[in-house]
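Participant: structural data only, the sequence is not supplied:
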């Protein structure tokens, strides 16, 4: 009898362990499955306008706008550049042209044969953006022209009115990413899949904006900025969160948290500072992939 009771207890124990293991597996599977179901996107909401980009497009939109900020250009310049790049390349750095321009390359489909630079240069997004602005600022009264007309003066496209369809997107993202409209840009993303590098974030910020009063504190980049510059940097960080493994952005009493997916929320973030936090080294690789 004692032997039989012992076997019964062992069977119950093994069954309990199996149920616990099964529960853990189910929970992990549910979390992983939930992550794969997240539709990743970035939106810009300004007034009654809402525009949407894929995360990789938002990265280039943020660079285009940051360079305008760095150069002291008005948000209108960024609106024109964004509408142009969306029409020319779908806001992607493509390495091919089309029948109309077989040697066209990059974000703006700039042609080396027409003096835009070497193929290597126009495939460098930072160079390409600056080359576009160099041409745009030479257009008389570009700020008062319709966006599609200003774009056409630069691009000399065979389809001069095609840029008009992207004007709302250009205005919305330019307004948010330039900092003119706080809290406009947010991204819905899966959880971070690997550790971030705060120093790499600081380097990317420097490329986009030029000299900033920034420092690295562990997993956080701290940028001393206020007003529209602070909101420009903060929304740049959100737009780059997927590739740079940013998990949290704090600015002027508001914060964006990647895991919460609730957009900008009230926080204790002080004025005069932007805090950009990346995923720590303990982040489990493979989550959300």
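Facilitator: On my side now, so go ahead. Note that the structure is predicted; figures quoted are calculated from it, not measured.
Participant: where do the strands sit along the chain?
Facilitator: 41-46, 49-53, 185-188, 214-217, 220-224, 246-251, 254-257, 264-266, 273-278 (DSSP state E).
Participant: with distance to residue 92, mean neighbour count and mean pLDDT added, can I get those in CSV?
Facilitator: (Each C-beta comes from the backbone N, C-alpha and C, glycine too.) Compiled in CSV, the strands of the chain are given as follows (distance: least, C-beta to C-beta, whole Å; neighbours: other C-beta atoms under 10 Å; pLDDT from 0 to 100):
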stretch, distance to residue 92, mean neighbour count, mean pLDDT
strand 41-46, 14, 21, 98
strand 49-53, 11, 18, 98
strand 185-188, 17, 24, 98
strand 214-217, 28, 14, 98
strand 220-224, 26, 20, 98
strand 246-251, 21, 24, 98
strand 254-257, 24, 20, 98
strand 264-266, 27, 13, 98
strand 273-278, 24, 24, 98
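Participant: and those strands as CSV, adding distance to residue 195?
Facilitator: Written out in CSV, the entries for the strands of the chain read as follows (distance: least, C-beta to C-beta, whole Å):
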stretch, distance to residue 195
strand 41-46, 22
strand 49-53, 26
strand 185-188, 19
strand 214-217, 14
strand 220-224, 13
strand 246-251, 10
strand 254-257, 18
strand 264-266, 25
strand 273-278, 7
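Participant: burial of residue 90, as a residue count?
Facilitator: Residue 90: 15 surrounding residues under other C-beta atoms under 10 Å.
Participant: who's the closest spatial neighbour of it, skipping the chain neighbours?
Facilitator: Sequence neighbours aside, residue 57 is the residue nearest to residue 90 in space, at 7.1 Å (criterion: C-beta to C-beta, 6 or more residues apart in numbering).
Participant: what do you get for residue 216?
Facilitator: Looking at residue 216 with C-beta to C-beta, 6+ apart, the closest residue is residue 198, at 4.7 Å.
Participant: my read: the one you found touches residue 278, true?
Facilitator: Yes: at 5.4 Å, residue 198 and residue 278 qualify as touching, with contact defined as C-beta atoms under 8 Å.
Participant: anything in contact with each of those two?
Facilitator: When contacts are counted by C-beta atoms under 8 Å, 6 or more residues apart in numbering, residue 198 and residue 278 are jointly contacted by 219, 220, 221.
Participant: rewinding a little: who's in contact with the residue nearest to residue 90?
Facilitator: 42, 86, 90, 91, 92.
Participant: hey, what's residue 224 bridged with?
Facilitator: In this structure, residue 224 bridges to residue 273 when assessed by DSSP bridges.
Participant: for it, what are its contacts?
Facilitator: By C-beta under 8 Å, 6+ apart, the neighbours of residue 224 are 213, 214, 272, 273.
Participant: and the furthest pair within the residues you listed?
Facilitator: Considering C-beta to C-beta, no two members of those lie farther apart than 214 and 272, which are separated by 13.2 Å.
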